[in-house]
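Novice: build me a model from this:
(one chain, ligands or ions: 1)
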Amino acid sequence: MLFGLLVFAMMGGDNMVKLPAPQFTNMSVEECMEARRSVRSYRDQALSLQQISNILWAAQGITEDRYGFRTAPSAGATYPLEIFIAKEDGLFRYVPEAHGIKREIDMDIRGDIAKAALGQRFIADAGMVVIVTAIFERTPLCPEHTPRSRSTGFRFGASGCLSR
Ligand SMILES: Cc1cc2nc3c(=O)[nH]c(=O)nc-3n(C[C@H](O)[C@H](O)[C@H](O)COP(=O)(O)O)c2cc1C
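Specialist: So this is what the prediction gives:
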């Protein structure tokens, strides 16, 4: 009962779970780069809301009030990327304006993502899977001057910056 009330208090009326403010560490960018490695086996443990906050803020968090500029750059500040996270309790969309996550699917789809990723089983075991998508219509900045190939590059470029 108490848990139910807590979850209700964290959600807005629109099924939004507000995330805590991101927490910063003292590690330098160089130290992060030196320590970075791809890892494919995980603890059997869900991520905390604080960890989720830190990851999503780093990916697409808003860091400027006037124009809504974000942690990751974007060609023309068009921000084509939408970030989803898949956890045991469902699929959620990150809403940068609210620094919150909104539930889109009420079931665990990590196994389906693992199958879609050529059967890489470790994806189903991850406490959280981050899915990066792009809304293509957001990127043609100026159709008569921006060739199609360049717009496509903008989406992949933004995606690369975010992953970094
Ligand atoms: C665009 C891209 C796609 C990748 N796809 C996969 C993947 O599907 N499965 C996987 O296990 N690793 C994937 N990797 C991670 C690479 O295998 C990994 O970066 C490489 O082996 C070097 O190891 P490191 O990241 O620990 O330095 C991918 C990396 C990049 C940049």
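
Novice: please tell me how far the closest residue to Y94 other than its chain neighbours sits from the ligand.
Specialist: Distance criterion C-beta to C-beta, 6 or more residues apart in numbering; nearest residue to Y94, sequence neighbours excluded, is I83 at 4.3 Å. Backbone N, C-alpha and C define where each C-beta goes, glycine included. Separation of I83 from the ligand (C-beta to the nearest ligand atom, to the nearest Å) stands at 16 Å.

Novice: for the ligand, what's its nearest residue on this protein.
Specialist: S38 (3.4 Å; C-beta to the nearest ligand atom).

Novice: so which helix or strand takes in the spatially most central residue of the chain?
Specialist: With distances taken as C-alpha atoms, centre = their mean, the residue of the chain nearest its centroid is I83 (3.8 Å). Per DSSP states H and E, I83 falls inside strand 81-87.

Novice: which helix or which strand is home to P20?
Specialist: For P20, there is no enclosing helix or strand under DSSP H and E.

Novice: pull the number of nearby residues for it.
Specialist: The number of residues packed near P20 is 14, by other C-beta atoms under 10 Å.

Novice: surely W57 and T71 touch.
Specialist: Yes - in this structure, W57 is within contact of T71 by C-beta atoms under 8 Å, at 6.4 Å.

Novice: ok, for S163, nearest residue in space, not its chain neighbours?
Specialist: Nearest one to S163, counting by C-beta to C-beta, 6+ apart, is V132 at 7.2 Å.

Novice: swap that for A46, sorry
Specialist: Residue nearest to A46 in three dimensions, not counting chain neighbours: G127, with 5.1 Å by C-beta to C-beta, 6+ apart.

Novice: wait, what's in contact with that neighbour?
Specialist: Applying C-beta atoms under 8 Å, 6 or more residues apart in numbering to G127 gives the contacts 42-43, 45-47, 87.

Novice: can you list the residues you listed in CSV and add distance to the ligand, neighbour count and secondary structure?
Specialist: As requested, the contacts of G127 are exported to CSV (distance: C-beta to the nearest ligand atom, whole Å; neighbours: other C-beta atoms under 10 Å; DSSP: H, G, I helix; E, B strand; the rest coil):
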residue, distance to the ligand, neighbour count, secondary structure
Y42, 12, 13, coil
R43, 18, 9, coil
Q45, 20, 7, coil
A46, 21, 13, coil
L47, 19, 17, coil
K87, 20, 19, strand
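
Novice: tell me how far the spatially closest residue to G68 that is not a sequence neighbour lies from A86.
Specialist: Nearest non-adjacent residue to G68, counting by C-beta to C-beta, 6+ apart: I62, 5.3 Å away. Look at I62 and A86: by C-beta to C-beta, to the nearest Å, they are 23 Å apart.
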